[in-house]
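[1] here is my input, please return the structure:
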Amino acid sequence: MNVGRKTVDRGLLAVFAAVLAVSCAAATVELIAPEKGSLVALVPDAQKKVMSLPTLDERLKLFAEDRKSGKKLRHDPFWRKAKPFVLKWRGTDGAKGPWKVEIGTKADLSDARTWYIRAKKVDAATGRETDTDRTKEEVITFEVPCANLEIGRDYYWRVSSRFGKWNCGSTCGPKCGCKESKSMVRSEIATFKTEDLAPRWIAIEGRTGNIRDLGGRRTADGRRVRQGMAFRGQGLNDNSVTAEVQGANRLTVEDVKYFRDVLHIRTDLDLRSQRELADLSVSPLGSEVTLVHRSSSCYAGIFTEGGKKVMAENFRLFCDRKNYPIYFHCIGGADRTGSLAYVLNGVLGVDRYELETDWESTFYPRIPDANPDPNFWCRESHFNNGFSKYGKEGDSWTHRIELYLLDCGVTQEEIAAFREIMLEP
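    Take a look at the predicted model:
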């Protein structure tokens with residue numbers, strides 16, 4: 001009897017294996033969105049609307065009108081962040097997940113970032129998630145967390161489905177390595193392109209926000225500022241309350257991994273005062289990242305003798321390739337950070353209008369909405385008044401900022417080195 005049962009069991013297993021092989025061969029993963037070769041927008045519509053207006057007066061007028069008409073811009077949820085990046089696909093004939101999503105800039109996906117998604121269903125009665133297989137051929141919608149795609153780039157993506165269960169039964173563990181547990185079906189590799197419009201906002205899980213790539217913008221001669229080299233944002237930890245004990249870390253474990261393993265940050269340039277930092281001597285990103293602390297000025301302060309001295313010291317950090325990628329910040333990523341970013345992109349040749357809207361985008365929509373008085377924006381006039389004192393009538397804004405840096409003590413060779421590092425060919 002035992003021999004006969006074993007023979008029957010082997011026969012059933014053989015039939016099961018054959019059925020599995022046929023099912024796996026028939027299963028597919030069909031990519032739905034973004035459509036092949038399509039253009040993906042990263043900047044939300046509300047931000048685009050504001051940035052499309054060429055003058056500060058027009059932008060302030062837009063916010064004034066918005067206050068009178070229900071504050072639609074004011075309540076838009078996508079300020080200081082990228083538009084959600086959503087993928088859609090469908091599995092057929094048994095391809096029901098768990099899912100593996102890969103997105104990269106190389107056609108073979110050798111540089112891809114990877115996300116894993118469990119196959120889940122929500123019980124309508126209890127609201128609880130279960131691991132029950134999804135309905136056959138259900139469209140899966142996935143908002144990619146912290147996708148942080150570069151602008152104006154071609155991307156490739158693929159979705160894979162683990163066929164069947166993670167293990168082949170109660171007689172083996174999840175790491176048994178059997179054929180059934182390894183069965184996989186993959187979609188084709190599809191392409192899309194991201195819209196060529198800055199800024200490139202960076203999202204993380206923790207409490208640090210207002211993060212964006214300094215790069216991505218075009219210069220007067222048509223070149224692009226390199227992405228992935230310098231990032232500006234808020235503080236990585238809170239300000240000290242007592243000036244004696246450092247503030248709490250704002251980052252999650254995953255954030256630290258992202259900064260170090262994906263953005264590859266080497267230098268943390270902290271522009272805060274010693275009182276704000278207290279005893280902070282190691283970057284919140286870890287000892288592998290070099291912490292550089294320089295108490296810095298902003299707005300009219302960058303044109304004082306002390307402000308010019310610190311500006312030169314900060315600028316020289318960006319003239320040495322070994323310091324990159326660099327994350328620079330104060331506490332809010334607005335004033336001291338915004339002033340340094342204005343100078344950095346300005347001397348690279350970014351248009352004056354873009355320098356202004358980049359600085360303003362830190363505050364949209366709250367500051368203009370809460371402060372309709374145009375005088376509240378006098379800090380922007382500090383840039384206009386300060387750089388206007390350099391050069392002569394007819395000189396470009398880039399040249400005036402270059403003359404300012406030379407007056408700070410920066411050399412022409414250092415400016416050339418910075419441009420060589422930060423500008424694409």
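
[2] how about the helices of the chain, start to end?
    Assigned by DSSP state H, the chain shows helices spanning 2-26, 45-51, 56-68, 179-182, 253-257, 274-277, 305-317, 336-348, 352-361, 366-370, 378-388, 397-408, 412-422.

[3] looking at those, which is buried most?
    Among the helices of the chain, the stretch with the highest mean neighbour count (mean count of other C-beta atoms under 10 Å) is helix 336-348, at a mean of 25. Where you see a C-beta, it was placed from the backbone N, CA and C, and this is true even at glycine.

[4] nearest spatial neighbour of the residue sitting nearest the centre point of the chain, chain-adjacent residues omitted?
    Geometric centre of the chain, nearest residue: residue 202, 2.3 Å, by C-alpha atoms, centre = their mean. Residue nearest to residue 202 in three dimensions, not counting chain neighbours: residue 211, with 4.0 Å by C-beta to C-beta, 6 or more residues apart in numbering.

[5] follow-up on the earlier one: ok, which of the helices of the chain comes nearest residue 190?
    helix 2-26 (20.8 Å; C-beta to C-beta).

[6] what about residue 228, how many residues nearby?
    By other C-beta atoms under 10 Å, the residues close to residue 228 number 16.

[7] and it, what does it touch?
    For residue 228, the contact set (C-beta atoms under 8 Å, 6 or more residues apart in numbering) comprises 150, 213, 215, 263-264, 325.

[8] from residue 72, how far off is it?
    Using C-beta to C-beta, to the nearest Å, residue 228 is found at 34 Å from residue 72.

[9] can you check residue 276 too?
    Remark: distance between residue 276 and residue 72 (C-beta to C-beta) = 36 Å.

[10] residues near the nearest residue in space to residue 279 that is not next to it in sequence, how many?
    Among residues not flanking residue 279 along the chain, residue 246 sits closest, at 5.6 Å (C-beta to C-beta, 6+ apart). Neighbourhood size, residue 246 [other C-beta under 10 Å]: 20.

[11] what's the domain layout of this protein?
    The chain resolves into domains spanning 24-40+82-194, 201-422 when parsed by automatic domain parsing.

[12] looking at those domains, which is closest to residue 47?
    Across the domains of the chain, the minimum distance to residue 47, taken as C-beta to C-beta, is reached by domain 201-422, at 6.8 Å.

[13] okay if I get the domains of the chain as TSV plus distance to residue 51 and mean pLDDT?
    Below are the domains of the chain laid out as TSV (distance: least, C-beta to C-beta, whole Å; pLDDT from 0 to 100):
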stretch	distance to residue 51	mean pLDDT
domain 24-40+82-194	13	81
domain 201-422	5	96
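
[14] closest one to residue 65 among those domains?
    domain 201-422 (10.8 Å).

[15] do you know which of the helices of the chain lies nearest residue 95?
    That would be helix 2-26 among the helices of the chain, by C-beta to C-beta, at 8.7 Å.

[16] so residue 184 is in contact with residue 160, correct?
    Yes - in this structure, residue 184 is within contact of residue 160 by C-beta atoms under 8 Å, at 5.7 Å.

[17] more neighbours: those two, which one.
    Neighbours were counted for residue 184 and for residue 160 using other C-beta under 10 Å; residue 160 has more, 19 against 14.

[18] the more buried one: what's it in contact with?
    Shown in contact with residue 160 (C-beta under 8 Å, 6+ apart): 29, 99-100, 102, 184-187.

[19] next: residue 402.
    Contacts of residue 402 by C-beta under 8 Å, 6+ apart are 347, 415.

[20] rerun at 6 Å
    Contacts for residue 402 (C-beta atoms under 6 Å, 6 or more residues apart in numbering) come out as residue 347.

[21] could you do residue 328 as well?
    Residue 328 sits in contact with 232, 269, where contact means C-beta under 6 Å, 6+ apart.

[22] so it bridges to which residues?
    Bridge pairing for residue 328 (DSSP bridges) gives the partners residue 232, residue 269.

[23] now residue 102. Nearest residue, chain neighbours left out?
    residue 112 (4.0 Å).
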